[in-house]
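1. Predicted model and sequence below, questions to follow.
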Amino acid sequence: MQNLDRIIRLRTVLARTGLSRSTLYRKIADGTFPRQLSISTHGAGWRESAVNRWIADPAGYREDQTA
């Protein structure tokens, strides 16, 4: 299995997390959910590994974590 980090789009993130769109963006602003990456002029996505880390520990996730 290759260790590639896929970029997933908003619809997939919402389906995997169970969050609403407004809650997701509020959590991003609070630093309690991974920030999206710009992938084109009008497109953005999230690293699948970052979303999986949040799913594993939603209460303990902090965007500014360095470990």
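-> Yes, it's here. Residues are numbered from 1 along each chain as shown.
2. drop to CA atoms for contacts and neighbour counts, all remaining ones
-> Noted.
3. ok, the nearest residue to residue 7 once chain neighbours are set aside - how many residues close by?
-> Nearest residue to residue 7, sequence neighbours excluded (CA to CA, 6 or more residues apart in numbering): residue 47, at 4.8 Å. Look at residue 47: counted by other CA atoms under 10 Å, it has 17 neighbours.
4. So for stretch 31-42, mean pLDDT?
-> Over the span of stretch 31-42, the pLDDT mean works out to 95.
5. Stretch 46-58 too?
-> Stretch 46-58 comes out at a mean pLDDT of 96.
6. Now it: buried residues?
-> If you call a residue buried by 16 or more other CA atoms under 10 Å, then stretch 46-58 has these buried ones: 46, 47, 48, 50, 51, 54.
7. if I read this right, residue 32 contacts residue 57, doesn't it?
-> No. Between residue 32 and residue 57 there is no contact under CA atoms under 8 Å: 10.6 Å.
8. mind checking which helix or strand residue 25 is in?
-> helix 21-30 (DSSP states H and E).
9. Sheet partners, orientation included, of whatever helix or strand comes next after that helix?
-> Per DSSP H and E, the first helix or strand lying C-terminal to helix 21-30 is strand 37-38. With DSSP bridges as the test, strand 37-38 is paired with strand 44-47 (antiparallel).
10. what's the following helix or strand after the partner strand?
-> From strand 44-47, the next helix or strand downstream (DSSP H and E) is helix 48-56.
11. and that next one, how far from the chain's centre?
-> For helix 48-56, the distance from its own C-alpha centre to the chain's C-alpha centre is 7 Å (CA atoms, centre = their mean, to the nearest Å).
12. Stretch 19-32 now?
-> Stretch 19-32 has its C-alpha centroid displaced from the chain centroid by 10 Å (CA atoms, centre = their mean).
13. Pull out the buried positions in that stretch.
-> Neighbour counts over stretch 19-32 (16+ other CA under 10 Å) mark 24, 25, 27, 28, 32 as buried.
14. Could you single out the nearest of those to residue 41?
-> Sorting those by distance to residue 41 puts residue 25 at the head of the list, at 19.2 Å, by CA to CA.
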